[in-house]
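*Asks:* sequence first, then the predicted structure:
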Amino acid sequence: MTNTRRTFLKTTLLGGLATAATGCLHQESSHKNAASADEKDFPMVIATWGPNVKATAAAWEVLSKNGRALDAVEAGARIPEADPNDTSVGYGGFPDRDGVVTLDACIMDEFGNAGSVSGLQNIMHPISVARRVMEKTPHVMLVADGALQFALNEGFAKENLLTQTAREAWEKWKLTAEYKPKINVERHDTIGILALDSQHRIAGACTTSGMAWKMHGRVGDSPIIGAGMFVDDEVGGAAATGLGELVLRTLGSFLVVEEMRRGAHPQEAVETAVQRITKKYPVETAEAQVGFIAVDKKGRYGAYGIHPGFNYALYQRNENRVFEAGALMAK
């Protein structure tokens, strides 16, 4: 998972697209939304990055019909996975340094069941394969060739995921072969998505094509339960985006949920996680981004990043909106 991709895209362009898609852009820093549960807050869905308003809209289609949160997050995650213009997720994702597109995803339901795939090739919807792992195997994670064989056995179609745009970007990158994670300038990256349905059941999902130009075989935080995403139906859930190595070392999403378990508001919890990372890794976080979203069982939410530029989509109370998250190193 990374923010080094799509440097030819401008922050203002994607920010404008996200605003246009929602019709409403909001500022959000340490704001504490509703202190207690309100039935009007349910159902709800939240996702990393403003362009994923399409994902929250797809999830809302499920939730608005009294559907299950698990079905909602899968439906939402499948939107960027199938979008060839989203070069950080699924079809169209930027490849590793060998020119191979490898995908990671995980999913978790209200019962604590989880499924995950990593290093999956040639399958457009890794989130759906992860769900099959959860529901049809005794395992949590399948990787690489094993994940592919399982997907094919389950009837998923094998297809080429390297688009012409991604191939051209890879060819250009090879001229210098510089590999250095940077603060996100593209305003989108790995999607983490969390939902609470009308029965207050929680679920989460995370899906990515990983860090552009990574070493072949690299695994980030996205498919790791407790790192890229974690939910607990007694407490709430969290998801991460940004430089996966930093989230892996701190089990960031699990940390956020445990902070909420101890009574912290979701906003306080994500701020704690970001502060923990920057304190422990001050050199790397000077240029690398990590952002978290979180929601608790009361329907309260939070979002926070190391650096400015992280935003998120929230569908709640029949409104699909984009918010700017607060940042620890805000100018």
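*Replies:* Right, received. Where do you want to start?

*Asks:* going by residue numbers, what spans are helices in the stretch 151-300 of the chain?
*Replies:* 164-173, 244-250, 252-261, 266-280 (DSSP state H, counting those that start in this stretch).

*Asks:* how about these in TSV, adding mean neighbour count, distance to residue 304 and mean pLDDT?
*Replies:* To be clear about C-beta, it is placed using only N, CA and C from the backbone, and glycine gets the same treatment. TSV is the format used below for these (neighbours: other Cβ atoms under 10 Å; distance: least, Cβ to Cβ, whole Å; pLDDT from 0 to 100):
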stretch	mean neighbour count	distance to residue 304	mean pLDDT
helix 164-173	15	30	94
helix 244-250	23	13	96
helix 252-261	25	10	98
helix 266-280	21	4	98
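
*Asks:* out of these, flag the one nearest residue 39.
*Replies:* Residue 39 lies closest to helix 266-280 among those, at 18.5 Å (Cβ to Cβ).

*Asks:* send the alpha carbons of the closest one over as CSV?
*Replies:* What follows is helix 266-280, C-alpha atoms only, in CSV (Å, rounded to 0.1, in the frame of the first residue of the first chain):
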residue,chain,number,x,y,z
PRO,A,266,-13.2,7.1,17.3
GLN,A,267,-11.6,10.5,16.6
GLU,A,268,-9.5,10.2,19.7
ALA,A,269,-8.6,6.6,18.8
VAL,A,270,-7.3,7.4,15.3
GLU,A,271,-5.3,10.3,16.6
THR,A,272,-3.7,8.1,19.2
ALA,A,273,-2.7,5.6,16.5
VAL,A,274,-1.2,8.3,14.3
GLN,A,275,0.7,9.8,17.2
ARG,A,276,2.0,6.3,18.1
ILE,A,277,3.4,5.8,14.6
THR,A,278,5.0,9.2,14.3
LYS,A,279,6.6,9.0,17.7
LYS,A,280,8.1,5.5,17.0
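
*Asks:* show residues contacting it.
*Replies:* With Cβ atoms under 8 Å, 6 or more residues apart in numbering as the test, helix 266-280 has contacts from 30-33, 236, 238, 246-247, 249-250, 252, 255-257, 259-260, 264, 285, 290-296, 300-306, 326, 328-329.

*Asks:* which ChimeraX command selects the buried ones in those residues?
*Replies:* Here the buried members of the contacts of helix 266-280 are turned into a ChimeraX selection, burial being counted by 16 or more other Cβ atoms under 10 Å:
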select :33,236,238,246,247,250,252,255,256,257,259,260,264,285,290,291,292,293,294,295,296,300,301,302,303,304,305,306,326,328
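
*Asks:* from the contacts of helix 266-280, which land in strands?
*Replies:* The members of the contacts of helix 266-280 that map onto strands under DSSP state E are 236, 238, 290-296, 301-305, 326.

*Asks:* of all those, which two lie farthest apart?
*Replies:* 290 and 296, at 20.4 Å, using Cβ to Cβ across the ones in strands among the contacts of helix 266-280.

*Asks:* quick one on the thing from earlier: closest one to residue 100 among the helices of the stretch 151-300 of the chain?
*Replies:* Among the helices of the stretch 151-300 of the chain, the nearest to residue 100 by Cβ to Cβ is helix 164-173 (9.7 Å).

*Asks:* relative to residue 226, which of the helices of the stretch 151-300 of the chain is closest?
*Replies:* Closest to residue 226 of these is helix 252-261 (Cβ to Cβ; 3.8 Å).

*Asks:* gap between that closest one and the chain center?
*Replies:* Computed by Cα atoms, centre = their mean, to the nearest Å, the separation of helix 252-261 from the middle of its chain amounts to 16 Å.

*Asks:* same check on stretch 314-331?
*Replies:* Centroid separation for stretch 314-331 versus its chain: 15 Å, with Cα atoms, centre = their mean.

*Asks:* name the nearest residue to residue 239, ignoring sequence neighbours.
*Replies:* In this structure, residue 239 finds its nearest non-sequential neighbour in residue 192, 2.5 Å apart by Cβ to Cβ, 6 or more residues apart in numbering.

*Asks:* got it, and residue 150?
*Replies:* The shortest distance from residue 150 to any residue other than its chain neighbours is 5.4 Å, reached at residue 142 (Cβ to Cβ, 6+ apart).

*Asks:* isn't there a helix covering the one you found?
*Replies:* No - counting by DSSP: H, G, I helix; E, B strand; the rest coil, residue 142 is not found in a helix; it is strand.
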